[in-house]
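>>> Have a look; sequence and predicted model below, questions after that.
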Amino acid sequence: MTTTPEEPKGKRLGIVTDLDSCIGCQVCAVHCKDWNTDGHLSDLSDRRPIDIDPSGVWFNRVHAIECGDPPDDRLVHFPRSCLHCEIPACAEVCPTGAIFKRAEDGIVLVNENYCIGCKLCSWACPYGALEYSFDAGAMQKCTMCVDRIYDDDLAEADRVPVCVSSCPVSARHFGNLGDPDSAVSKLSEERGGYDLMPELGYGPVNKYLPPREHTAEAVSEGAPGSPAPLNLIPVSADTENSGDTKPRSFLMRLITGENPARPAIIFTTLSGAGYGILVWAAFFAFFGGVPPDRWFGLAIFATAFLLIGTGLFAAATGVGKPGLVWLAYTQWRSSWFSRLSVFSLAAFGPALVFALGWVVFESYGDFWRLMSGLTVFLSLGAVICATMVYASLRTVRAWFNPHTIRVFICMALWSGIVWFNMFAQLFSLHTPVIGIVLIIIGVATLIFKRKYWIFLDNSPSWVTPESATGLGALEPLRMKDGPTTLENYIHREMGGAIDRAQVEMLRRRSFLLYLLVPFCAATIPVEMEAWIRIFAASAGVVSVMIGIAIERWLFFAEAKHTAMLYYGSETS
């Protein structure tokens, strides 16, 4: 029988891991997997739970890190699992409230019945503790064996997480870290227990004890108690399962459908353009910049709604449980994903009413002008919320900066004005004002995107391997052996490989397609014959959409997640 825990004040159950004792035997990982597959709650539902294929969910992963320089170098085994943070980033971003921190003991859990499998929590977690179950269509993580620690049918000594009870060298210790007089709190204080990545401010409850200082003689080859030397080839973050050590490019993985960013790329590219069209249609209507021509209005609104709808559909198909997407509207107070859902739905109301006035009544009267103002506000709100889904993630420095939101807004407005310009040319409604706005937005896009790329090239590492492991006193650090010799969820979700030559090539091509070609196509033929202007404007639309799609490829390809520091990445 599993009882409901009482609610003692300040109770924070956690695990203290002694890196000096851990021998890297993987018993904790395997026993955890076994317990959560066949045990009390059976959280893990992999068809082949213990298998050479590492694609299944593992709550515990053990890394091997080579520290220091010869002759004082040593091998440290580093177990990694959920740290049950005081301020869990995964719960902050969850759009459905499926992830929560229990008030009674501080354990962070996932309610799979409410999880839609959007995977945003795995991007928000700096430690790579959450993984996606393809069988369950939901995210899963360490539960602190909550079914076990409160099970009255077990002996008192056995009411601990299985990773603690199974460790053959007692390298893990379980207890109440909220009580300064508890055994684990005293142990942590005596041995200098530390947090991982403290600069991110999430306050992990679980602590690590640093390795004790060893003399050169104690760690020399063959010395009693020293680990046997390993002759392992570190797995690439992007190596084919066939054994080929040549990394596949981010683009190849994207084209073949192996990279999870594809739905997000489609969504941000298409919906950004759609909302941009709505913004400019409402803007020019509000100020009387174009006449309310019925067929012109029908063309721009139909295109905008089609682009937005297609983008939202792509985003919905990227989650594990599309049928539960409606739950994403419930957590708008805390989740940018939920706010995006709310703004995306809300923008359709005034936009449809505004479209009705333009197409049916061909009027820009006071009421329709009010609807146009609401359309601008809610459309820009949807773009900003979509941006903040990524810009709020501290785990990715390439996104967590003020340049990201400027670039997303400019890209949406730029693609929108290029589309609007094409329809204005097609229906012979083009005015100098449209051209002036196009030039201003194009220049702004150039400036802000350039600043973003400069920031990426010059910004220092956000989090270091020393901070990720807490082993800075033993640097230099070298990731000697990962928890798997093949790709796992972290590799596929956050470890796309792209070299500098690819980056430069794609930057040039994206700039050419999203900005230079559309800009020239819209401005150079302005005094030429109508068919040339229409053809050039249409070519500009095609070019800008392809260019922004490439730019979004780069947005994800250049993102370095802090979790990849545990797999050999030297920077974040």
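Yep, it's here.
>>> Under the pLDDT cut-off, which ranges of the chain? List them.
By pLDDT under 70, the low-scoring segments of the chain are 1-9, 38-55, 214-260, 481, 484-486, 496-497.
>>> all strands for it, in order.
Here the chain has its strands, by DSSP state E, at 13-18, 61-67, 74-80, 99-101, 108-110, 131-133, 138-140, 172-176, 207-209, 477-481.
>>> Reformat these as TSV; add distance to Ile417 and mean neighbour count.
Any C-beta I mention is one placed from the backbone N, CA and C, and that applies to glycine too. Converted to TSV, these look like this (distance: least, CB to CB, whole Å; neighbours: other CB atoms under 10 Å):
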stretch	distance to Ile417	mean neighbour count
strand 13-18	53	24
strand 61-67	48	21
strand 74-80	47	22
strand 99-101	39	19
strand 108-110	43	22
strand 131-133	38	22
strand 138-140	39	25
strand 172-176	58	21
strand 207-209	52	24
strand 477-481	47	19
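>>> what's near enough to touch the closest residue to Phe286 other than its chain neighbours?
Distances taken as CB to CB, 6 or more residues apart in numbering put Ser372 closest to Phe286, at 4.7 Å, once the chain neighbours are dropped. With contacts defined as CB atoms under 8 Å, 6 or more residues apart in numbering, Ser372 is in contact with Ala281, Ala282, Phe283, Ala285, Phe286, Pro350, Phe354, Tyr364.
>>> same deal with Leu200?
Ala89, Pro126, Arg394, Thr395, Val463, Thr562.
>>> Tell me the spacing between the spatially most central residue of the chain and Gly14.
The centroid of the chain falls nearest to Trp123 when counting by CA atoms, centre = their mean (3.1 Å). The gap separating Trp123 from Gly14 is 24 Å, by CB to CB, to the nearest Å.
>>> Tell me which stretches of the stretch 251-400 of the chain form helices.
262-286, 294-317, 336-359, 366-391 (DSSP state H, counting those that start in this stretch).
>>> Quick check: which of these has the most neighbours on average?
Of all the helices of the stretch 251-400 of the chain, helix 262-286 carries the top mean neighbour count, a mean of 25, counting by mean count of other CB atoms under 10 Å.
>>> Does anything pack onto it? Which helices or strands?
If contacts are counted by 3 or more CB pairs under 8 Å, 6 or more residues apart in numbering; DSSP states H and E, helix 262-286 sits against helix 294-317, helix 336-359, helix 366-391, helix 402-426, helix 432-458, helix 530-557.
>>> Could you dump those into a markdown table with distance to Gly470 added?
Shown next, in a markdown table, are the helices and strands packed on helix 262-286 (distance: least, CB to CB, whole Å):
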| stretch | distance to Gly470 |
| --- | --- |
| helix 294-317 | 37 |
| helix 336-359 | 30 |
| helix 366-391 | 28 |
| helix 402-426 | 29 |
| helix 432-458 | 27 |
| helix 530-557 | 29 |
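>>> Relative to Ile107, which of those is closest?
Closest to Ile107 of the helices and strands packed on helix 262-286, according to CB to CB: helix 336-359, at 23.5 Å.
>>> how about the helices of the stretch 251-400 of the chain in JSON lines, adding distance to Phe100?
Formatted as JSON lines, the helices of the stretch 251-400 of the chain follow (distance: least, CB to CB, whole Å):
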{"stretch": "helix 262-286", "distance to Phe100": "25"}
{"stretch": "helix 294-317", "distance to Phe100": "24"}
{"stretch": "helix 336-359", "distance to Phe100": "15"}
{"stretch": "helix 366-391", "distance to Phe100": "20"}
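>>> Which among these is found nearest to Asp158?
Here helix 336-359 is closest among these (CB to CB), at 39.7 Å.
>>> Of the contacts of Ser372, which is the nearest to Thr143?
Proximity of the contacts of Ser372 to Thr143 (CB to CB) peaks at Pro350, which lies at 44.4 Å.
>>> show me the contacts for the closest one.
Met371, Ser372, Leu374, Thr375, Leu378.
>>> Give me the distance between the third one and Phe286.
With distances taken as CB to CB, Leu374 is found 11 Å from Phe286.
>>> same thing with Ser569?
Taking CB to CB, one finds Ser569 at 48 Å from Phe286.
>>> And Tyr194, by the same measure?
Separation of Tyr194 from Phe286 (CB to CB) stands at 56 Å.
>>> end to end, how far does stretch 21-35 reach?
For stretch 21-35, the first-to-last residue distance is 23 Å (CA to CA, to the nearest Å).
>>> for Tyr514, what are its contacts?
Met411, Trp414, Ser415, Thr445, Ser543, Val544, Ile546, Gly547, Ile548, Ile550, Glu551.
>>> Could you dump the residues you listed into JSON lines and include neighbour count?
Putting these into JSON lines (neighbours: other CB atoms under 10 Å) gives the following:
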{"residue": "Met411", "neighbour count": "29"}
{"residue": "Trp414", "neighbour count": "27"}
{"residue": "Ser415", "neighbour count": "28"}
{"residue": "Thr445", "neighbour count": "23"}
{"residue": "Ser543", "neighbour count": "21"}
{"residue": "Val544", "neighbour count": "28"}
{"residue": "Ile546", "neighbour count": "16"}
{"residue": "Gly547", "neighbour count": "24"}
{"residue": "Ile548", "neighbour count": "27"}
{"residue": "Ile550", "neighbour count": "20"}
{"residue": "Glu551", "neighbour count": "24"}
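>>> Find the pair from those residues with maximum spatial separation.
Greatest spatial distance in the contacts of Tyr514: Thr445 and Ile546, 15.5 Å, computed using CB to CB.
>>> tell me the domain ranges of the chain?
Annotated domains of the chain cover 13-209, 251-565 [automatic domain parsing].
>>> Tell me how many other residues surround Ser182.
18 (other CB atoms under 10 Å).
>>> when you give positions from now on, start the count at 54
New numbering, starting at 54: the last item is Ser235.
>>> Verify the contact between it and Gly228 for me.
Yes: with contact defined as CB atoms under 8 Å, Ser235 counts as touching Gly228 (4.8 Å).
>>> Mutual contacts of the two, please.
With the criterion set as CB under 8 Å, 6+ apart, the contacts of Ser235 and Gly228 do not overlap.
>>> what's the distance between the residue lying closest to Gly325 once chain neighbours are set aside and Arg315?
Distances taken as CB to CB, 6+ apart put Ala465 closest to Gly325, at 3.8 Å, once the chain neighbours are dropped. Using CB to CB, Ala465 is found at 19 Å from Arg315.
>>> picking that back up, nearest to Gly77, out of the strands of the chain?
Set against Gly77 and scored by CB to CB, the strands of the chain come closest in strand 127-133, at 3.3 Å.
>>> So what's the residue count around Lys239?
By other CB under 10 Å, neighbour count at Lys239 equals 13.
>>> For the nearest residue to it once chain neighbours are set aside, give me phi and psi.
Distance criterion CB to CB, 6+ apart; nearest residue to Lys239, sequence neighbours excluded, is Pro233 at 7.9 Å. When read as degrees, to the nearest 10, the backbone of Pro233 gives phi -60, psi -20.
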